[in-house]
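S.K.: missing the sequence, but the structure's below:
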């Protein structure tokens, strides 16, 4: 599954707030430097559910060289209940599933009766192997943001939400396990509220006051967690959603950094085959609204986001359409979602790469900065190593904070994408 579908075509309280404002930015910058993050961030999302259909384990990011190249790993996702308290989306994957020696980062099998199993124990082993790697729990996501508005609604609900999340994920007090069983696994919290004051997944609770409440929620996190822990957020690509849901300058003063959505500009929800992660809007784009990484980055910078805290998202997957006219190499032609392994219109890079041996040719728009595959009928827009290097150059040239990856399970066993991306980051 993808992180989100933002559907652009359709779509501190009082004195405390004032008193923390000037301190937030200065403390946040010193906090980053204190953790050795003056270099570009390389942030990767590890999906909780990837251990099932993709059989992608924490051990795999060691084997393919990814872990050594990351500064941050976000574990996706923790959910919220209706009251806004933190809960697990899948306790079996999180802390119950035992791993064999062959599946384990440490090379040792989980033993019967040990307190912590599952992905969290594997992340704990990963931290032992890479002590400079910061590991954060990501809350929400496309399917897990339903009750964020409830959590952020009042001073009382914000305090209760943060307390429950810190208790569960930072202090490691997991249901059914000894107190503190998962303490030390996570260094901080990544908020993936999709989206304040804008509907994301159908059924999400959305309120006009989500915009100021999001800022107040960040203040509460800083109040309870302090500045020694990471506090990050995933932020939308659509400038309309940015203005509707985020006090950008204030938000970034409270965050360690923010990750900007750099993908899903177009997808199977659109009838027209188009780029999903281009750096610039391609010439001839027939869309009513034009979107690209440059549009997104400029939106945040012009609203007060510091370059050093703006981390651009990159996809390790592609978006596809089929039954297209064999015109313009498939670009801007109409058709339904292309058949795929896990979800129609969505395919991991490691699978898309194999299409080059099945009659597909790769095409590039060097000016706009994107690539696609086409075989005369089916079109896949994706980022290969060449495009990852292009993204890295763009990030470096614009002096942005780094790159964020959705998601690590899309790469090859040789780590082709992470190696290409990290080679250009500085």
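M.R.: Yes, it's here. Owing to the predicted nature of the structure, the values given are computational and were not obtained by experimental measurement.
S.K.: going forward, measure contacts and count neighbours with C-alpha atoms only.
M.R.: OK.
S.K.: show me the strands in the stretch 251-400 of the chain, by range?
M.R.: With DSSP state E, counting those that start in this stretch as the criterion, the stretch 251-400 of the chain has strands at 257-260, 310-315, 317-321, 346-348, 361-365, 370-374, 379-382.
S.K.: so which of these comes closest to residue 182?
M.R.: Evaluated with C-alpha to C-alpha, these place strand 257-260 nearest to residue 182, the distance being 24.8 Å.
S.K.: just checking: what are the partner strands of the closest one?
M.R.: strand 230-235 (parallel), strand 310-315 (parallel) (DSSP bridges).
S.K.: buried stuff in the helix or strand just after the first one?
M.R.: Sequence order places helix 239-245 as the next helix or strand after strand 230-235, per DSSP states H and E. By neighbour count with 16 or more other C-alpha atoms under 10 Å, helix 239-245 contains the buried residues 239, 241-242, 244-245.
S.K.: one more: stretch 268-278?
M.R.: Buried residues in stretch 268-278 (16+ other C-alpha under 10 Å): 268, 270, 272-278.
S.K.: related to what we said a few turns ago, minimum distance to residue 96: which of the strands of the stretch 251-400 of the chain has it?
M.R.: Comparing the strands of the stretch 251-400 of the chain by their distance to residue 96 (C-alpha to C-alpha), the top pick is strand 346-348, with 27.3 Å.
S.K.: hey, which of the strands paired with strand 257-260 is tucked in deepest?
M.R.: strand 310-315 (a mean of 27; mean count of other C-alpha atoms under 10 Å).
S.K.: quick one: mean pLDDT for it?
M.R.: When pLDDT is averaged over strand 310-315, the result is 99.
S.K.: ok, stretch 226-242 next?
M.R.: If you average the pLDDT over stretch 226-242, you get 98.
S.K.: for stretch 187-196, same thing?
M.R.: In this model, stretch 187-196 has an average pLDDT of 98.
S.K.: before we move on, back to that, and of the strands paired with strand 257-260, who's closest to residue 342?
M.R.: strand 310-315 (16.0 Å).
S.K.: skipping adjacent residues, who's closest to residue 85 in space?
M.R.: Nearest residue to residue 85 in three dimensions, chain neighbours excluded: residue 161, at 4.9 Å (C-alpha to C-alpha, 6 or more residues apart in numbering).
S.K.: which element is that neighbour on?
M.R.: helix 155-165.
S.K.: using JSON lines, lay out the strands of the stretch 251-400 of the chain together with distance to residue 333.
M.R.: Written out in JSON lines, the entries for those read as follows (distance: least, C-alpha to C-alpha, whole Å):
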{"stretch": "strand 257-260", "distance to residue 333": "28"}
{"stretch": "strand 310-315", "distance to residue 333": "22"}
{"stretch": "strand 317-321", "distance to residue 333": "9"}
{"stretch": "strand 346-348", "distance to residue 333": "18"}
{"stretch": "strand 361-365", "distance to residue 333": "15"}
{"stretch": "strand 370-374", "distance to residue 333": "12"}
{"stretch": "strand 379-382", "distance to residue 333": "9"}
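S.K.: nearest to residue 67, out of the ones you listed?
M.R.: Closest to residue 67 of the strands of the stretch 251-400 of the chain is strand 310-315 (C-alpha to C-alpha; 16.9 Å).
S.K.: got a list of contacts for that closest one?
M.R.: Around strand 310-315, the neighbours that count as contacts under C-alpha atoms under 8 Å, 6 or more residues apart in numbering are 41, 257-263, 277, 293, 297, 300, 382-383, 388, 391, 395, 400-407.
S.K.: thought residue 207 was touching residue 147?
M.R.: No - if you go by C-alpha atoms under 8 Å, residue 207 and residue 147 don't touch, sitting 10.9 Å apart.
S.K.: fine by me, we can end here.
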